[in-house]
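1. Provide a 3D model corresponding to the input given below.
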Amino acid sequence: MANPSPQHTPTDGLGTATQITVSGTGVTAIVPNRQYQVSLNVSASPNPSSVVLTAALKDAGGNAFASGNGNSASLKTDNAAIASVAGLTVTAVAKGQAVIDVRFPTYDNVEPNASGPAGANAEFIYAQILVNVGA
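-> Numbering: from 1, shown residues only. From the prediction side, this is the model:
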């Protein structure tokens, strides 16, 4: 029998950051809230040579989530020789493909790893952007 009075429970993902939406000129979703793609060109023609991204956290219900600790998105590239990142800007460097991780820290306070640098064991909420760079 279905619950006649469904209520929010601590494990339903509501009110908790669980996904990231990413937008920017030319950015399209492959898998919404998880994977995106964008095409850039080194020569800035026919596609732009860079894109400024906007990333927003959402809960499991798709509701906007504001980080109470002031954390914001950061970018990490797997191939800086193809696409470089600075802040939330991705810039074409050379023809090829790169995967950019868009990530928010999962927790307010990140404890240092005893055997590594501070934040080495940090956990993140991710989305990825496949960057296709043409000449």
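
2. Leaving out the residues flanking it, which one is nearest to the residue nearest in space to the middle of the chain?
-> Centroid-nearest residue in the chain: V102, 2.4 Å away (criterion: Cα atoms, centre = their mean). Of all residues not flanking V102 in the chain, A127 sits nearest, at 4.6 Å (Cβ to Cβ, 6 or more residues apart in numbering). To be clear about C-beta, it is placed using only N, CA and C from the backbone, and glycine gets the same treatment.

3. so who does that neighbour touch?
-> Going by Cβ atoms under 8 Å, 6 or more residues apart in numbering, A127 touches Q19, I20, T21, V22, N33, R34, Q35, Y36, A55, D101, V102, R103.

4. Need the per-residue pLDDT for it.
-> Reading off the confidence values, A127 has pLDDT 91.

5. rewinding a little: what's near enough to touch the residue nearest to the centre of the chain?
-> I20, V22, L53, A55, A73, S74, L75, Y126, A127, Q128, I129.

6. next SSE after the helix or strand where it lies?
-> According to DSSP states H and E, V102 maps onto strand 96-105. Counting by DSSP H and E, the next helix or strand C-terminal to strand 96-105 is strand 124-134.

7. in that next one, what's buried?
-> Buried positions in strand 124-134, judged by neighbour count with 16 or more other Cβ atoms under 10 Å: F124, I125, A127, Q128, I129, V131, N132, V133.

8. Quickly check these for the two that are furthest apart.
-> Using Cβ to Cβ, the two most remote members of the buried residues of strand 124-134 are I125 and V133, lying 26.1 Å apart.

9. Much appreciated, bye for now.
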